[in-house]
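Student: Next one to model:
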Amino acid sequence: MTGPVPPLPPRVDPARVHALIVGIERYDAGSGWDLPGPARDAVAFHRLLRAAGVPDAQLRLHLAPLPPYAPEVPYEPADHATLRRVLVRELPLVQGDILWVWWGGHGVLDRAGRLRLFCADASTADKLGIDLDSALARYAGDAVPGFAEQLWIVDACETFEEALGFREPLPPDALPVGRRSLAHQQTLLRAAGRGRAAANDPVRATGLFSEIMLGLLAARAAVLPAPPDPEELFPAVRTRIAALREAGRTHQYPEIRLRSPERTEILPAAAPTAERRPVSPLQRAVEALLAYPLMGDPTERQTVVAALNPRVTAMLPRHPRARTDAIGILNALSRHHPEALWELFDAVVSVDDDPERKEELEAALRDFAASVKRPSDRK
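Tutor: Sure thing, here's the model as predicted:
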């Protein structure tokens, strides 16, 4: 007999899913603004949702690619008038349940603290862009009756406007906002962090944050086109960006904002400090487990648990969220059946034998097992 199986996420009808996908590499401001990568990243994201069954007509792809890149998929322009029309007039009329917004390109944090996303026709004299904060406010109110669930992913710099030495301040250009409501669940993932640049790899033509997100979403393809659990996804993003910071490849600190009828909360990355609290053995073990893509899929996760001894699985607490499930499994095994931690290890690596992940999982489990005081150890 095995333990209770965590419920699968409710099946999402791809016909009720829509996306606005923007990738801007070339600007009217000239070659000094060239940014190889966002158009390619946007097409890769488009491919993920298309593979998940979302119809082409519901994937609004807007690009300004740099030659010689020539996307094979049809796309629309990414100028200010077009993107504003889509956000203000077209998408609000759609009858859909889920909205994805993917935006890659240049951005700046204006003097009021609002993130401006430059459009392809932005020039040094006329810095046309979309006010992200007003767009989020519009899509959280009654101006947009549909799209109860939204995930916005933005890979753009948040450098302070005054640090860029613009001759004139950015003019106000907020989108119209309706009456506020409690009908939407809105998640926003921002790549850079306040006052920071979002790193881009011009040789490989990808944004570092976008590359991480695309990899994590591909690993969670089983749940697409529904958005994955953001509170399970963000720690993985944070861990990978931290590794890039330590390697000197970026200085960014991504953040996630959660807004729903039950909560409004910003979960920032760990603050940049030399005296950071060490990672606990439990946290290390959880991160090592969740580094395996299979742990993000409820069915594959249950296959791993079912490989354990039935006397163990019968007492395991289970949860549909991957992170909560991993914590419950590890704690229960360490306290009651510590030898089963290595059964868990064998089950995981038999499905995915990646050598780097295997080495870290083994070290993390040894550290975790040594840190736990079992009832017989306590005085």
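
Student: Name the helix or strand of this protein that has the lowest mean pLDDT.
Tutor: Among the helices and strands of the chain, strand 264-268 carries the lowest confidence by mean pLDDT, DSSP states H and E, at a mean of 72.

Student: Which elements pack onto that strand?
Tutor: With contacts taken as 3 or more CB pairs under 8 Å, 6 or more residues apart in numbering; DSSP states H and E, strand 264-268 sits against strand 255-259. In this view, the C-beta of every residue, glycine as well, is placed from N, C-alpha and C.

Student: from the middle of its chain, how far away would the least confident helix or strand of the chain be?
Tutor: Between the centre of strand 264-268 and the centre of its chain there are 14 Å (CA atoms, centre = their mean, to the nearest Å).

Student: same deal with stretch 252-266?
Tutor: 12 Å.

Student: repeat for stretch 333-352
Tutor: Relative to its chain's centre, stretch 333-352 lies at 29 Å (CA atoms, centre = their mean).

Student: Pull up the distance across that stretch, start to finish.
Tutor: Across its full length, stretch 333-352 reaches 21 Å between end residues, using CA to CA, to the nearest Å.

Student: ditto for stretch 144-161
Tutor: This stretch, stretch 144-161, spans 30 Å end to end (CA to CA).

Student: Helix or strand: which one has residue 103?
Tutor: strand 98-104 (DSSP states H and E).

Student: Which neighbouring elements make contact with that strand?
Tutor: Using 3+ CB pairs under 8 Å, 6+ apart, strand 98-104 is in contact with strand 17-24, helix 38-51, strand 149-155.

Student: Compute the inter-axis angle for the shortest one and strand 98-104.
Tutor: To tie it back to what came earlier, the one meant is strand 149-155. In terms of direction (axes from the mean of the first three to the mean of the last three CA atoms, to 10 degrees), strand 149-155 departs from strand 98-104 by 10 degrees.

Student: Just checking: what are the partner strands of strand 149-155?
Tutor: According to DSSP bridges, strand 149-155 forms sheet pairs with strand 98-104 (parallel), strand 185-190 (parallel).

Student: Mean pLDDT, mean neighbour count and distance to residue 17 for those strands - can I get that in a markdown table?
Tutor: Below are those laid out as a markdown table (pLDDT from 0 to 100; neighbours: other CB atoms under 10 Å; distance: least, CB to CB, whole Å):
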| stretch | mean pLDDT | mean neighbour count | distance to residue 17 |
| --- | --- | --- | --- |
| strand 98-104 | 98 | 26 | 5 |
| strand 185-190 | 94 | 22 | 14 |
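
Student: so can I have JSON lines of those showing distance to residue 215?
Tutor: Shown next, in JSON lines, are these (distance: least, CB to CB, whole Å):
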{"stretch": "strand 98-104", "distance to residue 215": "14"}
{"stretch": "strand 185-190", "distance to residue 215": "14"}
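
Student: and of these, who's closest to residue 24?
Tutor: Judged by CB to CB, the one of these that comes nearest to residue 24 is strand 98-104, at 7.0 Å.

Student: which residues touch the closest one?
Tutor: Around strand 98-104, the neighbours that count as contacts under CB atoms under 8 Å, 6 or more residues apart in numbering are 12, 16-24, 37-39, 41-42, 45, 49, 91, 117, 132, 139, 146-156, 207, 210, 225-227.

Student: hmm, back to that, most packed of the helices and strands packed on strand 98-104?
Tutor: Mean neighbour count (mean count of other CB atoms under 10 Å) peaks for strand 17-24 among the helices and strands packed on strand 98-104, with a mean of 25.

Student: That strand pairs with which strands, parallel or anti?
Tutor: Note on strand 17-24: by DSSP bridges, its sheet partners are strand 59-64 (parallel), strand 98-104 (parallel).

Student: Adding distance to residue 350, write those out as TSV.
Tutor: Below are the strands paired with strand 17-24 laid out as TSV (distance: least, CB to CB, whole Å):
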stretch	distance to residue 350
strand 59-64	37
strand 98-104	34
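
Student: For residue 161, which of those strands is the nearest?
Tutor: Set against residue 161 and scored by CB to CB, the strands paired with strand 17-24 come closest in strand 98-104, at 18.4 Å.

Student: Could you figure out how far the closest one is turned away from helix 38-51?
Tutor: Orientation note: strand 98-104 sits at an angle of 160 degrees relative to helix 38-51 (the same axes, to 10 degrees).

Student: Please write out the alpha-carbon positions of strand 98-104 in CSV.
Tutor: In CSV, the C-alpha atoms belonging to strand 98-104 read as follows (Å, rounded to 0.1, in the frame of the first residue of the first chain):
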residue,chain,number,x,y,z
ILE,A,98,-5.5,32.5,-18.2
LEU,A,99,-3.2,35.2,-19.5
TRP,A,100,0.5,34.9,-20.0
VAL,A,101,2.5,38.1,-20.7
TRP,A,102,6.2,37.7,-21.7
TRP,A,103,8.2,40.9,-22.4
GLY,A,104,11.9,41.1,-23.3
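
Student: Tell me which helix or strand comes right after that strand.
Tutor: Proceeding N to C from strand 98-104, the next assigned helix or strand is strand 107-109, under DSSP H and E.

Student: Give the rounded mean pLDDT of that following strand.
Tutor: Mean pLDDT, strand 107-109: 93.

Student: Rounded mean pLDDT for the helix or strand following that strand, please.
Tutor: Using DSSP H and E, the next helix or strand after strand 107-109 towards the C-terminus is strand 115-118. Mean pLDDT, strand 115-118: 96.

Student: Can you name every helix or strand that strand 115-118 contacts?
Tutor: Contact here means 3+ CB pairs under 8 Å, 6+ apart; on that basis strand 115-118 packs against strand 107-109, strand 129-131, helix 132-139.
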